[in-house]
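With the input below, show me the fold.
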Amino acid sequence: MILLGIIGGYFLIIKRSKKYNISSEHIDNLAIITVPLAIVGARLYHVVSEWNYYKDNLNQIISYQMNGLGIFGAIIVGIIVFYLYSKKHSIPILRLLDLGSLGLLLGQTLGRFGNYFNNELYGYPTKLPWKVFIPYENRMEGYLKYEYYHPTFFYESIWNLVGLLIALYYERKKEKINSGTIFSFYLMWYGIGRFLIGFLRIEPVDFLIFNDGQILSIIFVVLGFGLLMNSRKNIKNEA
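Residues are numbered from 1 along each chain as shown. You can find the predicted model right below:
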């Protein structure tokens, strides 16, 4: 599902690249560089966030399977790669990030279904009609007697899909898009969704009542809002 998300995101970016005046050659170059580095970043984020386990199981840090990946690590590494590439090839970084955000939203929409097949990253027990069954061997300590849980991976997938549809509607409606608008929307949209869904996920608390994903989500929302306000301010000054 992760690979399907990467492929789907790539083709969406290729299809929308003309609107952002970015050649397909640049997209291909970025895909070759970004995808493997983003996977490494995702793995590093997971290992760091689960260090209490990996410090006693160092031989499991390097995994040849695409499991144990943290999306925040992939996003952060991806932004860094995009920034360095934009500097080298004189491409406006915000325009590049706007385009990349569309592919990222689709990639996350599809990739989250991998959690369903792995029976992981589910939420607290529930009796709601859309509950998901988790096999006994995949249940977390303290919840072994429960069979059905919140499909939080599905919630996040739907949230990302709605965000993608909003972004595509906006960019197609606007003849000219202010650089950074789509990227700032992505940061805020994903940040809000991940923050709220985090209250339903069975995860250890890292600060007050928040887990590490929620803390990073707050940072994403703040950064996205700041970028959006700065973009609007620059437009007014130019006017």
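
low-scoring stretches of the chain, by residue?
63-67, 232-239 (pLDDT under 70).

those helices in it, which residues are they?
Under the criterion DSSP state H, the chain contains helices at 2-16, 24-49, 51-54, 71-89, 93-111, 113-118, 152-173, 181-197, 212-238.

Out of those, the one nearest residue 141 is which?
Nearest to residue 141 among those is helix 51-54 (12.6 Å), distances taken as Cβ to Cβ. (Each C-beta comes from the backbone N, C-alpha and C, glycine too.)

what's the neighbour count on residue 56?
8 (other Cβ atoms under 10 Å).

Show the backbone phi and psi for it.
The phi/psi pair for residue 56 (degrees, to the nearest 10) reads phi -100, psi 0.

Grab the most central residue of the chain for me.
residue 71 (5.0 Å; Cα atoms, centre = their mean).

who's in contact with that one?
By Cβ atoms under 8 Å, 6 or more residues apart in numbering, the contact list for residue 71 reads 42, 108, 111.

Dump the helices of the chain into JSON lines; add distance to residue 130 as well.
What follows is those, written out as JSON lines (distance: least, Cβ to Cβ, whole Å):
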{"stretch": "helix 2-16", "distance to residue 130": "22"}
{"stretch": "helix 24-49", "distance to residue 130": "27"}
{"stretch": "helix 51-54", "distance to residue 130": "30"}
{"stretch": "helix 71-89", "distance to residue 130": "23"}
{"stretch": "helix 93-111", "distance to residue 130": "17"}
{"stretch": "helix 113-118", "distance to residue 130": "12"}
{"stretch": "helix 152-173", "distance to residue 130": "8"}
{"stretch": "helix 181-197", "distance to residue 130": "14"}
{"stretch": "helix 212-238", "distance to residue 130": "22"}
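
Would you mind finding the most buried of these?
helix 93-111 (a mean of 24; mean count of other Cβ atoms under 10 Å).

Centre of the chain to it, how far?
Its chain's average C-alpha position is 9 Å from that of helix 93-111, according to Cα atoms, centre = their mean, to the nearest Å.

Could you do stretch 194-211 as well?
That offset, for stretch 194-211, works out to 16 Å (Cα atoms, centre = their mean).

who wins for proximity to residue 203 among the helices of the chain?
Of all the helices of the chain, it is helix 212-238 that lies closest to residue 203, at 7.1 Å by Cβ to Cβ.

Now do the closest one against helix 181-197, angle only.
Following axes from the mean of the first three to the mean of the last three Cα atoms, to 10 degrees, one obtains 150 degrees for the angle between helix 212-238 and helix 181-197.

name the helices or strands packed onto helix 212-238?
When contacts are defined as 3 or more Cβ pairs under 8 Å, 6 or more residues apart in numbering; DSSP states H and E, helix 212-238 sits against helix 181-197.

helices and strands around the helix it packs on, which ones?
helix 93-111, helix 152-173, helix 212-238.
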